[in-house]
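Visitor: Structure, please.
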Amino acid sequence: VRRAGGRAFLVDCGTTSAPVEVANRILTAAVRALGRDWSAPATDLAKRARGAITLRTDAATGQPTISFSPTFSPDLEPQRRALSEVLDALDRRAKRDGVVIGIVLDEFQRLTATLGGDTGEWALRGLLQHHQHLAYVLAGSEPTLLSAMVGHGRAFYNQLSLLTMGPIDPSHFAQWVDARAAT
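Guide: Predicted structure coming up:
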């Protein structure tokens, strides 16, 4: 998408443990992908969310980073709202710029636990479904769980198309692991 001139980025959700951590990863990935003009979503978020936004430059990579630290309690609902505010700010930015921003949420099935277990699936659907200028690719590595998430009566029933990817060439996978470890 980026090679074709579009805007897109990847967020690894596999090791997240709180909705605010997901929000931070989305903000950081957005800053890197959208370039140095990251003041618009950060300012937009600051106007609506309760917390502190920290802008830094990563010493190792020289890339700008952004993080959101909530001032509210660690209760789940305020953290869900913080994540919602980040996505809403990106949606408003995409609308303002007249573009669609692609967001790949890798290991997205972990977000359901992060957002509250069984109710987390519905919370995740609620976070994602109303954005008109964000396109989501939900990637995961647990086929059984992903199949269950799109089953009858579940939050993503008739909402997602499952695309199964075959085995990855070992040398290609090794290069990917090396590149990820380097960052």
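
Visitor: next one: the top helix by length along the chain to chain centre, how far?
Guide: Criterion DSSP state H: the longest helix present in the chain is helix 76-97. Here the centre of helix 76-97 is set off from its chain's centre by 10 Å, with CA atoms, centre = their mean, to the nearest Å.

Visitor: Can you spell out which helices and strands pack onto it?
Guide: Contacts defined by 3 or more CB pairs under 8 Å, 6 or more residues apart in numbering; DSSP states H and E place helix 76-97 against helix 19-34, helix 39-48, strand 64-70, strand 101-106, helix 118-128, strand 134-139. For the C-beta atoms, the positions are set from N, CA and C on the backbone; glycine is no exception.

Visitor: could you redo the last one with a cut-off of 7 Å?
Guide: helix 19-34, helix 39-48, strand 64-70, helix 118-128, strand 134-139 (3 or more CB pairs under 7 Å, 6 or more residues apart in numbering; DSSP states H and E).

Visitor: The ones you listed: which one's closest to P167?
Guide: Smallest distance to P167 across the helices and strands packed on helix 76-97 (CB to CB): 15.7 Å, for strand 134-139.

Visitor: Report the buried residues of the longest helix of the chain.
Guide: For helix 76-97, the neighbour count (16 or more other CB atoms under 10 Å) marks 76, 78-94 as buried.

Visitor: cool, and stretch 16-35?
Guide: 16, 18-34.
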